[in-house]
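Asker: have a look at this fold, sequence not included:
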């Protein structure tokens, strides 16, 4: 049976998406069979209001902000997920990036 996988999803300002995809690839995410750097993206609008104590990359404390963002999804081996997420966080431009990690069921597990 193949190693368990997860899907890592992260929201990134559009102009930083390629850099974050590179970080994910270099950390070992996005490998499917004989391919690497595999990802899927869609564009949307991120909305947030930085609170007191925040040091926002974009926007100002107390002011609602809207940013063109990409939702990036990659698969990763469960055993490397923590290291990959830590690398993604280190390479992400936001102070507090939104992300989540989702377990994957393979055909054998259905």
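Answerer: Yep, that arrived. If you're wondering where the values come from, they're calculated on a predicted model, not measured in any experiment.
Asker: quick one: the strands in the protein?
Answerer: Assigned by DSSP state E, the chain shows strands spanning 5-13, 40-48, 65-77, 99-103.
Asker: which of the ones you listed sits most buried?
Answerer: Highest mean neighbour count of the strands of the chain: strand 5-13, a mean of 20 (counted as mean count of other CB atoms under 10 Å). C-betas here are computed from N, CA, C, even on glycine.
Asker: distance between it and the chain's centre?
Answerer: In terms of CA atoms, centre = their mean, to the nearest Å, the centre of strand 5-13 is set 3 Å apart from its chain centre.
Asker: can you tell me what sits against that strand?
Answerer: Here strand 5-13 makes contact (CB atoms under 8 Å, 6 or more residues apart in numbering) with 20, 24, 29, 46, 57-58, 67-78, 81, 84-85, 88, 92-94, 97-104, 106.
Asker: mean confidence (pLDDT) on it, please.
Answerer: If you average the pLDDT over strand 5-13, you get 98.
Asker: a markdown table for the strands of the chain, including distance to residue 34?
Answerer: A markdown table is the format used below for the strands of the chain (distance: least, CB to CB, whole Å):
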| stretch | distance to residue 34 |
| --- | --- |
| strand 5-13 | 16 |
| strand 40-48 | 18 |
| strand 65-77 | 14 |
| strand 99-103 | 24 |
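Asker: can you check which of the ones you listed gets nearest to residue 33?
Answerer: Using CB to CB as the measure, strand 65-77 is the one of those that comes nearest residue 33, at 10.8 Å.
Asker: what's that closest one packed up against?
Answerer: Judged by 3 or more CB pairs under 8 Å, 6 or more residues apart in numbering; DSSP states H and E, strand 65-77 is in contact with strand 5-13, helix 17-27, strand 40-48.
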